[in-house]
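[1] Sharing a sequence plus its predicted fold:
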Amino acid sequence: MKLLLIDAKYNGEIKFTKEVLEYLKKKKYKTIVLYTTTQFNHGIPEILEQLKKENIKVVSSQPERTNKEFQILGCDIYHGNLNLNNKDKNIDAFLYIGNGKFHPRALLFEEEDSQDNKNKEVITYDPIGKKMIVYDKKDIEKVIQKRKANIKKFLTSEKIGVVVTVKPGQEHMHYVEKLEKAFPNKKFYVFITDNVSFSDMENFNFIQCWINTACPRIGMEDALETNNSILNAEEALSLKG
Amino acid sequence: MKIEEFDYDLEIEKVIEEINKQNAKSVCLQLADGLKPRAKEIVDEIKDKCPYVKVLIWLGACFGACDIPISLTNKVDLTVQFGHNRFVKNVRGWK
């Protein structure tokens, strides 16, 4: 099976409205980090031109899993994934061009993971609806609270289910060995699937806590959709010290 | 709506070219959520240009280029994902 990827570039105008520029001015933002998705990446030159006129400095990068500068993916959620390499010291906010909450939340999770307590806001601009929405830490608060509860559950559990997917882009079997080494007193049971489903997990009721090694968003917002405790492998491994 | 009037450039000519290049007899289309309502026009256009090709639409989620239909590996000749770009996997893990 061969794979062909089509960017599906947006055909319309990609340009900030006055509302966005006035908001940035009102907030006195001088330096921002700019990201978008593959649908809008070709509009970046015009956006940069607009920001230059407003004397706003733009910092960007090519995050770890992308192949273009300014592009963000939903899985680059940990500090360091953005590859900003200390360029983020004087950043006032994130600016995201695109629609939906999926990518802006990735930036909020990254901010939370950076633990610098700055939790910069994410200003989003949707060129299709010509609409601006601003997100901040409040938008991921429920996820953070649930994760705290799941961390407690993991630490007090002995029988752990590790979910590994066969999808080549998401398969991370190596986490099993790392977990076993980091937590020698716990017993790890490895589950393999091509689609992570919470209802499938409910059949294995001897598991006290689950560890996700597939898409990291499963251990974030998706974890709110189940009564089971599920934690991303990175979160679990960060507890070993 | 005609495919050229869509908000997004779906590059159907590129898809047709790839079908011909691969001599594909079966194609699976995976669409980002926002493009799913456009599946009809995409299938109609491909069937119009390549009537001999069996075109399947992936029903489930497709969150990114990491999310390929591996269960179809030996069942279809070509998968086309609309709305995603090449994904760079970090073999060490997420961090």
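    Sure, I can see it.

[2] which element is the residue nearest the centre of chain A on?
    In chain A, the centroid-proximal residue (C-alpha atoms, centre = their mean) is residue A:106; its distance is 2.5 Å. Assigned by DSSP states H and E, residue A:106 belongs to helix A:102-114.

[3] and the closest residue to residue A:200 other than its chain neighbours, what is it in contact with?
    Closest residue in space to residue A:200, ignoring its immediate chain neighbours: residue A:193 at 7.0 Å, by C-beta to C-beta, 6 or more residues apart in numbering or on different chains. Quick note: C-beta positions are derived from backbone N, CA and C, even for glycine. Applying C-beta atoms under 8 Å, 6 or more residues apart in numbering or on different chains to residue A:193 gives the contacts A:163-166, A:200.

[4] My read is that residue B:38 contacts residue B:10, right?
    Yes - using C-beta atoms under 8 Å, residue B:38 is in contact with residue B:10, at 7.4 Å.

[5] Between the two, which has more neighbouring residues?
    Neighbours per residue (other C-beta atoms under 10 Å in any protein chain shown) separate residue B:38 from residue B:10, with residue B:10 holding more: 25 against 18.

[6] got a list of what the more buried one touches?
    So residue B:10 contacts A:6, A:8, B:3, B:35, B:38, B:42, B:82 (C-beta under 8 Å, 6+ apart).

[7] Next, name the residue at the spatial heart of chain B.
    Most central in chain B (C-alpha atoms, centre = their mean) works out to residue B:80, at 2.4 Å.

[8] For it, list each beta-bridge partner.
    residue A:4, residue B:29 (DSSP bridges).

[9] residues in contact with it?
    A:3-6, B:15, B:18, B:27-30.

[10] what comes into contact with stretch A:37-56?
    A:7-10, A:13-16, A:21, A:24-25, A:29-32, A:34, A:36, A:58, A:68, A:70-72, A:97-98, A:103, A:127, B:8, B:83-85.

[11] on that earlier part again, how far is the helix holding residue A:106 from where the chain is centred?
    With C-alpha atoms, centre = their mean, to the nearest Å as the basis, helix A:102-114 stands 5 Å off its chain's centre.

[12] again, but for stretch A:37-48
    Worked out by C-alpha atoms, centre = their mean, stretch A:37-48 lies 20 Å from the chain centre.

[13] do the same with stretch B:75-89
    Distance of stretch B:75-89 from the chain centroid (C-alpha atoms, centre = their mean) equals 7 Å.

[14] what number of residues lie near the spatially closest residue to residue B:75 that is not a sequence neighbour?
    Of all residues not flanking residue B:75 in the chain, residue B:26 sits nearest, at 7.3 Å (C-beta to C-beta, 6+ apart). Each residue near residue B:26 was counted by other C-beta under 10 Å, and the total is 16.

[15] what sits against residue B:26?
    B:53-56, B:75-78 are the contacts of residue B:26 under C-beta under 8 Å, 6+ apart.

[16] Could you report the pLDDT at it?
    Here the pLDDT value assigned to residue B:26 is 97.

[17] Give me the phi and psi for it.
    As for residue B:26, its main-chain torsions (degrees, to the nearest 10) stand at phi -140, psi 140.

[18] export the contacts of residue B:80 to JSON lines and tack on neighbour count and distance to residue A:179?
    Listed next are the contacts of residue B:80 as JSON lines, based on neighbours: other C-beta atoms under 10 Å in any protein chain shown; distance: C-beta to C-beta, whole Å:
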{"residue": "A:3", "neighbour count": "15", "distance to residue A:179": "31"}
{"residue": "A:4", "neighbour count": "19", "distance to residue A:179": "36"}
{"residue": "A:5", "neighbour count": "17", "distance to residue A:179": "33"}
{"residue": "A:6", "neighbour count": "25", "distance to residue A:179": "37"}
{"residue": "B:15", "neighbour count": "23", "distance to residue A:179": "42"}
{"residue": "B:18", "neighbour count": "18", "distance to residue A:179": "41"}
{"residue": "B:27", "neighbour count": "25", "distance to residue A:179": "39"}
{"residue": "B:28", "neighbour count": "21", "distance to residue A:179": "34"}
{"residue": "B:29", "neighbour count": "22", "distance to residue A:179": "37"}
{"residue": "B:30", "neighbour count": "25", "distance to residue A:179": "31"}
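
[19] just these now: which is nearest residue A:146?
    residue B:30 (29.7 Å; C-beta to C-beta).

[20] before we move on, back to that, need the contact partners of the helix holding residue A:106.
    For helix A:102-114, contacts defined as C-beta under 8 Å, 6+ apart pick out A:35, A:37, A:72-79, A:81-82, A:88, A:94, A:96, A:118-120, A:122, A:124, A:135-137, A:139-140, A:143-144, A:217, A:220-221.

[21] What's the separation between the nearest residue to residue A:218 once chain neighbours are set aside and chain B?
    When the adjacent residues along the chain are set aside, residue A:218 lies closest to residue A:212, with 4.6 Å between them (C-beta to C-beta, 6+ apart). Going from residue A:212 to chain B by C-beta to the nearest C-beta, to the nearest Å gives 10 Å.
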